[in-house]
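In: Sequence and predicted structure are below.
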Amino acid sequence: MTGKHAEMSFGMLEETFYHCCQLLVQQSQQLRDSWSWVPLQGSQEGYLKKTQVRSVVIKLSPVWDQAASSSDPGSHGSGHSQFYPQKKSAHVAPCDADSVSSEMNDDDDDDDDGICTVSEDSIQVLQYEYHILYSCSYRNPVLYFRVFTLEGRSLSLEDVWRSVHPNFRLQLQNSPLNTISQQEHPLLGQPFFMLHPCRTEEFMRPVVQAAHEQHRPVNYVLTWLSVVGPLLGLDVPLKYHTQLQSAAGPSSTEPD
Amino acid sequence: MADDKDVLRDVWFGRIPTCFTLNQDEVTEREAEPYYLLLPRVSYLTLVTDKVKKHFLKVMKAEDVGEIWFEYEGTPLKWHYPIGVLFDLHAFNTVLPWSITVHFKNFPDQDLLHCSSNSVVEAHFMSSIKEADALKHKSQVINDMQKKDHKQLWMGLQNDKFDQFWAMNRKLMEYSTEEEGFRYIPFRIYQTMSDRPFIQKQFRPVSPEGKVHTLGILLKEMYPAAIPNEGEQKRYQAVIHGIEPLLETPLQWLSEHLSHPDNFLHICIIPVPTD
């Protein structure tokens, strides 16, 4: 039976994940947050989804030295933001001709205003789409997301890093590709960014243990989200937790 | 056992003769000749096509060149799947060489991951290995390895060095003698019939009652349509590395011998051709 016990302390069960998500959606409705559950047809599987528009400070200089780790000298687009392509058109190869020319015009306008040349950073309004899925490999929730400009253009990985708050960016940029990477959404098959889950177990274990010892109710997904969310501007209002405390009782979610 | 080692070699050195043609809409200065290459099944398209890229760049102006991507009969090819999986999934019952179209413009953002350099392939590859070990050993083996060991796995794949790769990968394939196999088998079942790209769940090599789980049992559980009912005609083929393994093959053996270097057993379900 010891094996069974060890098994149970590793991450969370899929069933528990769905239950936690259900509770989170209920709370979200009460708090007028916008999380919803998107079921996958014909199964109990699905994902939590939320979209929000945020204004974000974008760092304009290169966020990490990709050239140093790149073994492909012919790689395109690294080091330059899609928002403000460099003047040399050869460096904006990934954009199609139309978008390049229109951006170049915008860029010129900014130069006229004298903003772009003075400030190192710029403020952009972006639309974020967050998905929370269950990973059966890590037995933990995983955050997938994508980001669009208001014109509907999707952000590159480089630009996503530009929008991460400097406090996080400086800590994580040593291994950028191991923290946020572009991945296929396992249920939709489309490119998304993913916050890598391989350290989740590490930071969740003490939290869950402490809650256990103090007989506090804990919604695993909610607690996890309050740790990883802020990295991508996804704040979890404190009310979720205070509500959970006051509702403590037999219906509270036990981590497995 | 000697035979089993041969299986690992056969899998590693599997090749697909491929003909690359430039997309007709690309702007060129003169006509582009097709380019032929033997693609390693276990590698990734963007990792082994430097020569293809160079070949076509010779006839193009730099300003017409965007990020490279590949297409087969209208389907953008996902570079992050191993080459053998792409072939089995999309072109299994067709004639060789495999005919791939090369594009340098209109990158399909909605379908394909970007791949700006080999470090992106490396990150993807290592993240798959990590995920597989989370399933097999609760990440214990991969976490006990050093950074240089991880590098050895990657360099082995990148430089097509079988011995270098397997000297390290061996450790990822071990399990304690008390166990009857891995904790869970890292597998993915692909099909092209729905939007969902693949099925991946927890599945043990042995049942709680001690019954050995076979490929047939896995498929019956995950993709029942792949197994014909008695008296029915076979509708699907379950293909791994270009062959249809017997449904009686134990999953643990398949996982140890027919997994890709990313440590996943990739299984393609494809409709039986109707002629």
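Out: Looks like it arrived, so ask away. Numbers count the residues shown, from 1 in each chain, chains lettered A, B, ... in the order given.

In: Could I get the full set of strands for the stretch 51-200 of chain A?
Out: A:121-135, A:140-149, A:180-184, A:191-195 (DSSP state E, counting those that start in this stretch).

In: Rebuild those as CSV, extending it with mean pLDDT and distance to A:His19.
Out: Using the backbone N, CA and C atoms, a C-beta is placed for each residue, glycine as well. Compiled in CSV, the strands of the stretch 51-200 of chain A are given as follows (pLDDT from 0 to 100; distance: least, C-beta to C-beta, whole Å):
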stretch, mean pLDDT, distance to A:His19
strand A:121-135, 92, 11
strand A:140-149, 94, 12
strand A:180-184, 91, 26
strand A:191-195, 94, 22
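
In: Distance to chain B added to these, as JSON lines?
Out: Below are the strands of the stretch 51-200 of chain A laid out as JSON lines (distance: least, C-beta to the nearest C-beta, whole Å):
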{"stretch": "strand A:121-135", "distance to chain B": "8"}
{"stretch": "strand A:140-149", "distance to chain B": "9"}
{"stretch": "strand A:180-184", "distance to chain B": "5"}
{"stretch": "strand A:191-195", "distance to chain B": "5"}
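
In: Please render these as a markdown table that adds mean neighbour count to the earlier fields.
Out: As requested, the strands of the stretch 51-200 of chain A are exported to a markdown table (neighbours: other C-beta atoms under 10 Å in any protein chain shown):
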| stretch | mean neighbour count |
| --- | --- |
| strand A:121-135 | 18 |
| strand A:140-149 | 21 |
| strand A:180-184 | 20 |
| strand A:191-195 | 20 |
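
In: Identify the residues contacting A:Val221.
Out: When contacts are counted by C-beta atoms under 8 Å, 6 or more residues apart in numbering or on different chains, A:Val221 touches A:Phe17, A:Cys20, A:Cys21, A:Leu24, A:Leu48, A:Ile132, A:Pro141.

In: residues contacting the residue of the stretch 151-275 of chain B found nearest chain A?
Out: Per C-beta to the nearest C-beta, B:Pro197 is where the stretch 151-275 of chain B lies closest to chain A, at 3.9 Å. Contacts for B:Pro197 (C-beta under 8 Å, 6+ apart) come out as A:Glu184, A:Pro186, A:Gly189, B:Tyr190.

In: Give me the buried subset of these.
Out: Neighbour counting over the contacts of B:Pro197 (16 or more other C-beta atoms under 10 Å in any protein chain shown) leaves A:Glu184, A:Pro186, B:Tyr190 as the buried ones.

In: Any figure for the gap between the first one and A:Pro230?
Out: In this view, A:Glu184 and A:Pro230 are 25 Å apart by C-beta to C-beta, to the nearest Å.

In: Now do B:Glu179, the pLDDT please.
Out: If you check B:Glu179, the pLDDT there is 85.

In: Identify, from the contacts of A:Val221, the entry nearest to A:Ser36.
Out: The nearest member of the contacts of A:Val221 to A:Ser36, counting by C-beta to C-beta, is A:Leu48 at 7.3 Å.

In: which element follows the helix or strand where B:Val120 lies toward the C-terminus?
Out: Using DSSP states H and E, B:Val120 sits in helix B:118-137. Sequence order places helix B:140-144 as the next helix or strand after helix B:118-137, per DSSP H and E.

In: Report all helices and strands that that following helix contacts.
Out: Judged by 3 or more C-beta pairs under 8 Å, 6 or more residues apart in numbering or on different chains; DSSP states H and E, the packing partners of helix B:140-144 are helix B:118-137, helix B:162-172.

In: pLDDT averaged over the longest one - what is it?
Out: What helix B:118-137 shows for mean pLDDT is 95.

In: Show me which of the contacts of B:Pro197 is closest to A:Pro217.
Out: Nearest member of the contacts of B:Pro197 to A:Pro217, counting by C-beta to C-beta, is A:Pro186, at 29.6 Å.

In: What ranges in chain A fall below the confidence cut-off?
Out: A:1-9, A:61-120, A:171, A:173-178, A:247-256 (pLDDT under 70).

In: which stretches of chain B form helices?
Out: B:2-12, B:50-57, B:83-91, B:118-137, B:140-144, B:147-158, B:162-172, B:215-222, B:251-257 (DSSP state H).

In: Which elements pack onto the last one?
Out: Okay, so that is helix B:251-257. Counting by 3+ C-beta pairs under 8 Å, 6+ apart, helix B:251-257 packs on helix B:2-12, helix B:215-222, strand B:265-271.

In: Buried residues, the shortest one. List them.
Out: Going back to what we said before, that points to strand B:265-271. Under 16+ other C-beta under 10 Å, the buried positions of strand B:265-271 are B:Leu265, B:His266, B:Ile267, B:Cys268, B:Ile269, B:Ile270.

In: same thing with stretch B:115-126?
Out: B:Cys115, B:Ser116, B:Ser117, B:Asn118, B:Ser119, B:Val120, B:Val121, B:Glu122, B:Ala123, B:His124, B:Phe125, B:Met126.

In: That stretch near chain A at all?
Out: Yes - interface with chain A: stretch B:115-126 contributes B:Ser116, B:Ser117, B:Asn118, B:Ser119, B:Val120, B:Glu122, B:Ala123, B:His124, B:Met126 (C-beta under 8 Å from any C-beta of the partner chain).

In: Send me that stretch as PDB with only the CA atoms.
Out: Backbone C-alpha positions of stretch B:115-126 (Å, rounded to 0.1, in the frame of the first residue of the first chain) are rendered in PDB as follows:
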ATOM      1  CA  CYS B 115      10.900  27.500 -35.600                       C
ATOM      2  CA  SER B 116      13.500  30.300 -35.800                       C
ATOM      3  CA  SER B 117      16.500  28.200 -35.000                       C
ATOM      4  CA  ASN B 118      17.700  24.800 -33.900                       C
ATOM      5  CA  SER B 119      17.400  25.900 -30.200                       C
ATOM      6  CA  VAL B 120      13.700  25.800 -30.700                       C
ATOM      7  CA  VAL B 121      13.800  22.200 -31.900                       C
ATOM      8  CA  GLU B 122      16.100  21.400 -28.900                       C
ATOM      9  CA  ALA B 123      13.700  22.900 -26.400                       C
ATOM     10  CA  HIS B 124      10.800  21.000 -27.900                       C
ATOM     11  CA  PHE B 125      12.700  17.800 -28.000                       C
ATOM     12  CA  MET B 126      13.900  18.100 -24.400                       C
END
